[in-house]
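J.: structural data only, the sequence is not supplied:
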């Protein structure tokens, strides 16, 4: 039966080439616009190197530090003291890391340069949470970290710029006039990997500004925390453990009370949660109320187009439908037939749409993401993309062919046969 | 002819209905977007109040304890304000440099800003109480010269404030709010810091906008000179200053790096040193980037809608042409000219579009009533509606004409005999 529909649909495609092309292109355009929205969400959500394990990551993007007399409230980041007492002692996670982002000029001992690079001050745990690919050398060690030695890992583009090679292990770079020894060179991370991204990574203990922070009683600092859980099922126990650590920290009776209100998962972040100005957790509901109108609009306009076309082509075949009905075809069957035939068009459109969306994302990334974001194959081709494409294609099909199909299925046999 | 067309359209209502609904939706959304563009465009092209050409921001930092040349506390006999002044002097001496100034969170396109409660000593205190806090720009007097800020009368603000302690410069919006059009604003005083201190108004500048996309707001400049300078620099730290330098000619980033390299030791005063340089225009790009992205998103959505209108019109008119080949053939056989026929088709398409107009008026009226249009940055004027409506219909009309042209061309090429064959 479905084979028959398939043949019929192909025949109709050939019969009216222009309208078929238009329907397919219209569908493709609509699906691709929708998929661009989906892809942006996907790039925020799913993992890719060096953030391959995003599904198991938890993020502490900010803290609260309120003075005991409640006169002074701060939304800020963790100090190294908080990191040491609340983050490092956690038992449940596989690895934890604290990261402070800054910009720095990287110079050579014999040549003063003025270009700024992104530098992340972090710890050895960073290399366990993220899976960087080392081109040469290795990360700075626990020993480097605990003695605060000026060591750096640099990205390979920077290595080429500075040294003309990707193997400058053991050579020195100047950061703020202080010589740092290069221990490793990694493959450039994409900017879409915001937490891991930098040009230079150094142990934070090597920079006096990041150690023994005394801002608001030693609570406020510049660190964000990222936790790699062994599995997603550990999330709740990790959150509980953090809560206990925080109350232990506050038991010391400091001038400011530490609050960690939010420990976000990657999904929370992709849905738009953030920790600015006190922080807010956003779920599917908030995300959809923001995005659904756009998606609906992107579906609605081509639906109106397609309905007109389907309506006309169905109208042409009224006598055929009437005949089938006269010989006992049920309403449901005719309905399915029209929908199935139309599905061929929308599916072809959907397939083209997937290709088009990837092209559009590449062309338009300067205004959808940031200009420098490299969009890789790994980020795009995930099951989510195809599932979304299929879902919206079916939806578009149902919306555009549904009404004409119902109308024709309901028609009186006599009228249809008479072609009134 | 119109009546005839309307009748034909009514008879074709089944297929026309869908395309009409599409035109309706697209017209409404397109108009909203074009209106938003209008507001952005008009706002963008209004005067900004300052000029950032050839201005660079030098980034300052303090030497790390481990760095060679670090001056330990025991040998340090200076202070933050002194070091900063010294650095300004050293850089200003370079013949390539036009001017140097220092601000705190007040440089154009700065990521920070400061606000302070002020109220006039003799003026409308109700306005001040209502506004509570105003944006305050902490600047050295050279700021006005460097960014080419002038008074309302076109005079140089710098000349009015140079060398004077504890004075402020207000924007016309603030002057208007406080004194409601009184002419002698200069010389009056305002309270600040919980009404304990007061400053004199030394000048009224032109309107200053935060960026190209903002409306001018009431704000004022706190001139840092003498004690104000010392206390502000000590409070915020010399290395946090926004150190702006105007060069005498345009430089590329590379030329600028070379320039800094040539300055050598003059970029350093005790532990304070210049570590990098960025043109103010790149801060501007960072700050306005999202707006540009939004505009591009809007344009892509608009093209999406227009392409769909094009597809819809082609599809509908093509199928109709197929169904009406008989009619067309008959007309041609009876002597209708090709051009007359074409005209009919175009008229039909445009009539369909014209019918959306009353609905769009209704929609626009509702949008105004519900305050959904941006009337804060640009007033709702007749010209605004005329321009936005005109542009909307021009775009859609063009799309429809292209859409009709394609099927029509095929249909009228039909030989009358062949066309009649369908009848």
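T.: Everything's here; your move. A quick note: this is a predicted structure, and the numbers were derived from the prediction, not measured. Numbering: from 1, shown residues only, chains lettered A, B, ... in the order given.
J.: beta partners for the closest residue to residue B:66 other than its chain neighbours?
T.: In space, and not counting its chain neighbours, residue B:66 is closest to residue A:178: 5.0 Å by Cβ to Cβ, 6 or more residues apart in numbering or on different chains. The C-beta positions use only the backbone N, C-alpha and C, and glycine is treated the same way. Beta bridges link residue A:178 to residue A:175, judged by DSSP bridges.
J.: contact partners for residue A:178?
T.: Residue A:178 makes contacts with A:150, B:64, B:66-67, as judged by Cβ atoms under 8 Å, 6 or more residues apart in numbering or on different chains.
J.: and the buried ones among those residues, selectable in PyMOL?
T.: A single PyMOL command selects the buried members of the contacts of residue A:178 (16 or more other Cβ atoms under 10 Å in any protein chain shown):
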select buried, (chain A and resi 150) or (chain B and resi 64+67)
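J.: columns secondary structure, distance to residue A:412 and pLDDT on top of the contacts of residue A:178, output as a markdown table?
T.: As requested, the contacts of residue A:178 are exported to a markdown table (DSSP: H, G, I helix; E, B strand; the rest coil; distance: Cβ to Cβ, whole Å; pLDDT from 0 to 100):
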| residue | secondary structure | distance to residue A:412 | pLDDT |
| --- | --- | --- | --- |
| A:150 | coil | 87 | 91 |
| B:64 | coil | 89 | 79 |
| B:66 | coil | 92 | 78 |
| B:67 | coil | 92 | 79 |
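J.: tabulate the contacts of residue A:178 (TSV), appending distance to residue A:237.
T.: As requested, the contacts of residue A:178 are exported to TSV (distance: Cβ to Cβ, whole Å):
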residue	distance to residue A:237
A:150	37
B:64	41
B:66	42
B:67	45
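J.: so which of the contacts of residue A:178 comes closest to residue B:359?
T.: Proximity of the contacts of residue A:178 to residue B:359 (Cβ to Cβ) peaks at residue B:64, which lies at 67.9 Å.
J.: ok, now how distant is the closest one from chain A?
T.: Residue B:64 is 5 Å from chain A, where distance means Cβ to the nearest Cβ, to the nearest Å.
J.: how is chain B divided into domains?
T.: B:2-47+B:287-422, B:77-270 (automatic domain parsing).
J.: got TSV for those domains, with distance to residue A:324 too?
T.: Putting those into TSV (distance: least, Cβ to Cβ, whole Å) gives the following:
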stretch	distance to residue A:324
domain B:2-47+B:287-422	22
domain B:77-270	61
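J.: of those domains, which shows the lowest average pLDDT?
T.: With a mean of 81, domain B:2-47+B:287-422 has the lowest mean pLDDT of the domains of chain B.
J.: just the element for residue A:293, please.
T.: Under the criterion of DSSP states H and E, residue A:293 resides in helix A:284-316.
J.: give the rounded mean pLDDT of that helix.
T.: Mean predicted lDDT for helix A:284-316 stands at 82.
J.: the next helix-or-strand element following it near chain B anywhere?
T.: Using DSSP H and E, the next helix or strand after helix A:284-316 towards the C-terminus is helix A:318-326. No - on the criterion Cβ under 8 Å from any Cβ of the partner chain, helix A:318-326 is out of touch with chain B, staying 12.3 Å away.
J.: just want the angle from helix A:318-326 to helix A:284-316.
T.: Note on geometry: by axes from the mean of the first three to the mean of the last three Cα atoms, to 10 degrees, helix A:318-326 and helix A:284-316 are set 100 degrees apart in direction.
J.: and the very next helix or strand once past helix A:318-326, what does it pack onto?
T.: Using DSSP H and E, the helix or strand that follows helix A:318-326 in sequence is helix A:331-368. Other elements packing on helix A:331-368 under the criterion 3 or more Cβ pairs under 8 Å, 6 or more residues apart in numbering or on different chains; DSSP states H and E are helix A:2-15, helix A:17-45, helix A:284-316, helix A:318-326, helix A:383-410, helix B:280-323.
J.: for helix A:331-368, which positions count as buried?
T.: A:334-354, A:356-358, A:360-361, A:365, A:367-368.
J.: among the contacts of residue A:178, which two are most distant?
T.: Between any two of the contacts of residue A:178 (Cβ to Cβ), the greatest distance is 10.7 Å, for A:150 and B:67.
J.: which other residues reach the stretch of helix or strand residue B:90 belongs to?
T.: Element membership of residue B:90, judged by DSSP H and E, is helix B:80-92. Here helix B:80-92 makes contact (Cβ under 8 Å, 6+ apart) with B:58, B:60, B:78, B:97, B:99-102, B:229-230, B:233-234, B:237-238, B:241, B:243, B:245, B:263, B:266-267, B:269-272, B:274.
J.: quick check: the nearest residue to residue A:139 once chain neighbours are set aside vs chain B, distance?
T.: Leaving aside its sequence neighbours, residue A:139 sits nearest to residue A:127 (Cβ to Cβ, 6+ apart; 4.1 Å). Using Cβ to the nearest Cβ, residue A:127 is found at 24 Å from chain B.
J.: per-residue confidence for residue A:127?
T.: pLDDT recorded at residue A:127 is 94.
J.: ok, how many other residues are close to it?
T.: The number of residues packed near residue A:127 is 22, by other Cβ atoms under 10 Å in any protein chain shown.
J.: just the element for it, please.
T.: Going by DSSP H and E, residue A:127 is in helix A:126-129.
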